[in-house]
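K.L.:
Just a sequence and a predicted model for now, questions to come.
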Amino acid sequence: MNEKGSISLPYYEKARDLHQKHLVVDAHFDLLPLVLGKRLRGETRVIERDYLSSLREGGIGLVVSSLFVPNEYLPEMGLRRALDQVSALHAEMEESPGLFTLCRNTQEIRNARQKGQLAILLSFEGLEPVGNDLALLRIFYELGVRGIGMTWSRRNYAADGCFFNPVEEGQKGGLTEFGVKVAREAARLGMYLDISHLNDEGVEDLFHSYQGPVMASHSNCRALAPSMRNLTDDLIRKLASSGGVMGMNVCSTFVGNPDIKKLDEKDLADHVDHIRDLVGTDYVGFGFDFCDEMRDFTKPGPHRNYDCIKGHPHSVEFSAELLARGYSEADMVKLIGGNFLRFLEKTIG
């Protein structure tokens, strides 16, 4: 049931039942960047073969896939690489008909769930594909993209990202004039804004210039793990005041100190407790950002796994841990997906 044997069976069974009965949302998964890489090697039906069973085992009903462009393709190939990821999804849907579908609003998400399909939502993880051309944002909207993470952990025309580790840089900036225009255009089109990877200055600018709810799709609490990728208590309060939601990230560096111990679902649950104590249970969900599959491309730390939860099937154990801490069934329905669905209803319709 649990490889560590630390969660009692009744909590696990109740969590598994909740994951089957209610919509479970993963607000950040690098699905299409991974799929495109495999398709470029000649593979087909990648989602069906490599990802669908684990998503189903975890009861995941909606994944938000990033559109992410690695540094080596920038600046010349940013637009092309993002379009290739959208194209890869359409090719995958043709090869695996009826198993998963691109969704553009919450009604389509509900329709997919009724049909037993995995719902997929698209979101920028960095606006490099748009450059400084606001008209391209409308084109991507027509292609089905609904989320805007203005930055990854680097600078672009819209804003400055927050870096994972200290780096030498000049004066940090917040939102640029173009970034402010993006926020306004997002509101006009019906797209949501995601502040994960945006630096503190940019987040403050966004709260000042944008009146709608904002998402932090895959960020934890800086009070518990002092990474700039996490949110301060003050920013968590501002996000909650906007009506936004933040998704819990399994990356060990953002959960605690992986140099001291091997982290697990208990450590991640501490972040949920912290948010609950600050603002309640209406503003937190799942944004796992599973990265162990990418470990061959980066240097591992003392513990081989980057992720404190080992893939979507084990998200049930995370929910079981929350149940064991006394979260009610009503709270859990919100945490596993209801909060993000409410956010999407307010932003993309």
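P.N.:
Received the coordinates, thanks.
K.L.:
in the lengthiest helix in the chain, what counts as buried?
P.N.:
When the chain is parsed with DSSP state H, its longest helix is helix 78-95. Residues 78-79, 81-82, 84-86, 88-89, 91-93 are the ones in helix 78-95 that count as buried (16 or more other Cβ atoms under 10 Å). In short, each C-beta sits where N, CA and C put it, glycine included.
K.L.:
Can I get the residues you listed in a markdown table including pLDDT?
P.N.:
Output for the buried residues of helix 78-95, formatted as a markdown table (pLDDT from 0 to 100):
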| residue | pLDDT |
| --- | --- |
| 78 | 88 |
| 79 | 96 |
| 81 | 97 |
| 82 | 98 |
| 84 | 98 |
| 85 | 98 |
| 86 | 99 |
| 88 | 99 |
| 89 | 99 |
| 91 | 99 |
| 92 | 99 |
| 93 | 99 |
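K.L.:
Nearest to residue 202 among these?
P.N.:
For the buried residues of helix 78-95, the minimum distance to residue 202 (Cβ to Cβ) is 19.3 Å, reached by residue 78.
K.L.:
Distance check, the closest residue in space to residue 19 that isn't next to it in sequence against residue 28.
P.N.:
Closest residue in space to residue 19, ignoring its immediate chain neighbours: residue 59 at 2.9 Å, by Cβ to Cβ, 6 or more residues apart in numbering. According to Cβ to Cβ, to the nearest Å, residue 59 and residue 28 sit 17 Å apart.
K.L.:
Next: residue 37.
P.N.:
Taken as Cβ to Cβ, the span from residue 37 to residue 28 is 18 Å.
K.L.:
Okay, now the unreliable bits of the stretch 1-150 of the chain?
P.N.:
1-6 (pLDDT under 70).
K.L.:
follow-up on the earlier one: neighbour count: residue 59 and residue 28, which is higher?
P.N.:
Legend: neighbour count by other Cβ atoms under 10 Å for residue 59 and residue 28, higher for residue 28 (28 against 23).
K.L.:
phi, psi of that one?
P.N.:
phi -160, psi 120 (degrees, to the nearest 10).
K.L.:
Return the residues in contact with it.
P.N.:
Contacts for residue 28 (Cβ atoms under 8 Å, 6 or more residues apart in numbering) come out as 64, 66, 123, 125, 196, 217-218, 247, 249, 287-289.
K.L.:
what do you get for residue 268?
P.N.:
Applying Cβ under 8 Å, 6+ apart, we find residue 268 in contact with 220, 248, 250, 255, 308-309, 318.
K.L.:
which of those residues tops the neighbour count?
P.N.:
In terms of neighbours by other Cβ under 10 Å, the contacts of residue 268 top out with residue 220 at 33 neighbours.
K.L.:
contacting residues around that one?
P.N.:
By Cβ under 8 Å, 6+ apart, the neighbours of residue 220 are 229-231, 246, 248-249, 254-255, 268, 271.
K.L.:
Among those, which lie within strands?
P.N.:
Among the contacts of residue 220, DSSP state E puts 246, 248 in strands.
K.L.:
tell me which of the contacts of residue 220 is nearest to residue 174?
P.N.:
Using Cβ to Cβ, the contacts of residue 220 come closest to residue 174 at residue 231, 15.6 Å.
K.L.:
Contacts only, for the closest one.
P.N.:
By Cβ under 8 Å, 6+ apart, the contact list for residue 231 reads 203, 216, 219-222, 239, 246.
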